[in-house]
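> I'll drop the sequence and a predicted model, then ask my questions.
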Amino acid sequence: MIKKNSFDLIVIGAGAAGIIAAIVAAREGKKVLLLEKLSQIAAKLKATGGGRCNLTNTLSNEEFMARFGRDGRFMQDALQTFDHQKLTAFLKEIGIQTHAPDGFRIFPTSHSSTTIIEGLQKEMQKVGVEVQCNQKVSRLLSTGKHIDGVRTQNETFLAPNVIIATGGLGYPVLGAEGDGYNLASELGHKVTELSPAMMPLKTKEEWVKNCRADTIAQVELRVAIKKHKKLRAKGDLIFTNSGIRGPVVLDFAREITPLLKKYAEVPLLLNLTKGKNEEQIREHFKKKMQNRDKTTVLELLTTLLPEALSRELSKLAKIDPDEKYKKVEGKKRDKLISLLAWTPLTINGHDGFRLAMITRGGISLKEINPKTMQSKLIDGLYFCGEVMNLDGPCGGYNLQWSFASGYLAGKLKS
């Protein structure tokens, strides 16, 4: 006799990874229970990409894995099973059209995460996934080296397979509390150091607040610490009231936040002039100055940068921006050109997990079989998505990884 609270699979966490895992298992005839502690499913997915939902991107699997760094190859089997082409084919199958308007990032054609959530919800209903919200799992049940089920705040559910898809610590307002880390560690799994990632950064320098109106394109960021000098990134940057943000900052934050735990401050060097070095900047100025002896410092700088930023860099070089450039003494000119080539900026903080889109760190990959997403310690226990120690940059990387790892975990291969 089958017990009421007995299932083939229990999935903990109704985000992208958990939902796809539940669908895959149910399609293969498994009796599936999906537990979500919030009152509705997919809260974080709804907020992804400002609600536009950047699902994935068009990179090859090899290029995709490379963007995750040295641990990227862990996802090889998952991507072979469910890469961006198979994801978009799956979405089309359940009635969701997608496109890549810039040739790289893939979105639903509606540019609304609601479209994705509604489509996935309908498919779960179609294949018979039982979804229970307001169910927070407090404990995994295990005897010996095999999983037996889960315990919530007021019920026990039994199953020989459990998938942890609880995500990370980012955006606690959307339910992130690190539940999965606690559940896994109680059964002996190692959780690596956790740091907030994909978030704005705060600076020691206050002049940045005067440059908030402009986006600076193609900025290169470098860590100015000898031991970490290889850390660098390039992309669009936005100055804020208290620091910096923008795509390049969101990506680079995953490198910076762990350093802030080690050092009180992290000095950076920023090239704000689209890669121009000092010699190229001098040559640029020389051309702009031809037959224009009365050109001011500000007029010259605004041929490279927005006015507000030009004024601030002039001040840093201790130059009056309205002074004629030809009248500026040589040492001050050299200082200005040096600042244009590499502007120093000091990162001294962030808003923690409150504004972090992604968590760096998680369940140790050494304890997970990449061919199945199953635990190497506990039979029948699987992981998928952000709860694992693997995170990527902006551009659909992390959501694709959630879908791919969830799809593979849902196969329930031993």
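Structure received.
> ok, which stretches of the stretch 201-350 of the chain are helices?
247-262, 278-289, 297-301, 307-316, 330-341 (DSSP state H, counting those that start in this stretch).
> okay if I get the ones you listed as JSON lines plus mean pLDDT and distance to residue 133?
C-beta: built from backbone N, CA, C; applies to glycine. Output for the helices of the stretch 201-350 of the chain, formatted as JSON lines (pLDDT from 0 to 100; distance: least, C-beta to C-beta, whole Å):
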{"stretch": "helix 247-262", "mean pLDDT": "95", "distance to residue 133": "30"}
{"stretch": "helix 278-289", "mean pLDDT": "94", "distance to residue 133": "58"}
{"stretch": "helix 297-301", "mean pLDDT": "96", "distance to residue 133": "56"}
{"stretch": "helix 307-316", "mean pLDDT": "97", "distance to residue 133": "48"}
{"stretch": "helix 330-341", "mean pLDDT": "97", "distance to residue 133": "54"}
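> Now tabulate those helices in a markdown table and tack on distance to residue 351 and mean neighbour count.
Conversion of the helices of the stretch 201-350 of the chain to a markdown table gives the following (distance: least, C-beta to C-beta, whole Å; neighbours: other C-beta atoms under 10 Å):
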| stretch | distance to residue 351 | mean neighbour count |
| --- | --- | --- |
| helix 247-262 | 11 | 20 |
| helix 278-289 | 35 | 14 |
| helix 297-301 | 32 | 21 |
| helix 307-316 | 24 | 19 |
| helix 330-341 | 28 | 17 |
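> Show me the one of those helices that comes nearest residue 181.
helix 247-262 (16.6 Å; C-beta to C-beta).
> Other residues contacting the closest one?
193, 195-201, 219, 221, 223, 225, 228, 231, 233-238, 266, 347-350, 356-358, 360, 391, 393-394 (C-beta atoms under 8 Å, 6 or more residues apart in numbering).
> how far out from the middle of the chain is it?
Centroid separation between helix 247-262 and its chain, computed with C-alpha atoms, centre = their mean, to the nearest Å, is 11 Å.
> go on, stretch 399-414?
18 Å.
> Quick one: low-confidence residue ranges for the chain.
Counting by pLDDT under 70, the low-confidence segments of the chain come to 1-3, 414.
> Would you mind splitting it into its domains for me?
For the chain, whose domains are defined here by automatic domain parsing, the residue ranges read 9-195+355-410, 200-350.
> among the ones you listed, which is the most enclosed?
Across these, the average number of neighbours (mean count of other C-beta atoms under 10 Å) peaks for domain 9-195+355-410, which reaches a mean of 20.
> now do the same end-to-end measure for it.
With C-alpha to C-alpha, to the nearest Å as the measure, the first residue of domain 9-195+355-410 is 9 Å from its last.
> Contacts only, for residue 316.
Residue 316 makes contact with 207, 339, 343, according to C-beta under 8 Å, 6+ apart.
> Can you give me the distance of it to residue 409?
According to C-beta to C-beta, to the nearest Å, residue 316 stands 52 Å off from residue 409.
> again with residue 376
In this structure, residue 376 and residue 409 are 14 Å apart, going by C-beta to C-beta.
> likewise residue 25?
9 Å.
> Shouldn't residue 185 be within a strand?
No: assignment of residue 185 by DSSP: H, G, I helix; E, B strand; the rest coil gives helix, placing it outside any strand.
> ok, it touching residue 191?
Yes: contact criterion C-beta atoms under 8 Å: residue 185 and residue 191 qualify, at 5.3 Å.
> Ends of stretch 61-76, what's the gap?
8 Å.
> correction: stretch 207-223
The first and last residues of stretch 207-223 sit 20 Å apart, counting by C-alpha to C-alpha.
> ok, now stretch 323-335?
Stretch 323-335 has an end-to-end distance of 15 Å (criterion: C-alpha to C-alpha).
> can you check stretch 316-323 too?
15 Å.
> So that it lines up with my notes, have the first residue be 43 from now on.
Fine by me, first position is 43 from now on; the one you just mentioned is stretch 358-365.
> thinking again about what came up before, what about the contacts of helix 289-304, which are in strands?
Among the contacts of helix 289-304, the residues falling in strands (DSSP state E) are 237-239, 243, 261, 263, 265, 275-280, 308, 389-391, 400, 402.
> ok so, going back, got a markdown table for the helices of the stretch 243-392 of the chain, with distance to residue 77 too?
Formatted as a markdown table, the helices of the stretch 243-392 of the chain follow (distance: least, C-beta to C-beta, whole Å):
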| stretch | distance to residue 77 |
| --- | --- |
| helix 289-304 | 29 |
| helix 320-331 | 58 |
| helix 339-343 | 58 |
| helix 349-358 | 50 |
| helix 372-383 | 54 |
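> what about those, which gets the closest to residue 426?
Using C-beta to C-beta and comparing those, the one that lies nearest residue 426 is helix 289-304, at 19.9 Å.
> so the closest one versus strand 274-281, what angle?
Angle of helix 289-304 versus strand 274-281, following axes from the mean of the first three to the mean of the last three C-alpha atoms, to 10 degrees, is 110 degrees.
> contacting residues for the residue nearest to residue 83 when sequence neighbours are not counted?
Taking C-beta to C-beta, 6 or more residues apart in numbering as the measure, residue 83 lies nearest to residue 56, with 3.8 Å between them; neighbours along the chain are not counted. With C-beta under 8 Å, 6+ apart as the criterion, the residues that contact residue 56 are 76, 77, 78, 80, 83, 84, 173, 175, 207.
> May I ask which two of the residues you listed are separated the most?
The largest distance within those, taken as C-beta to C-beta, falls between 175 and 207 and amounts to 14.6 Å.
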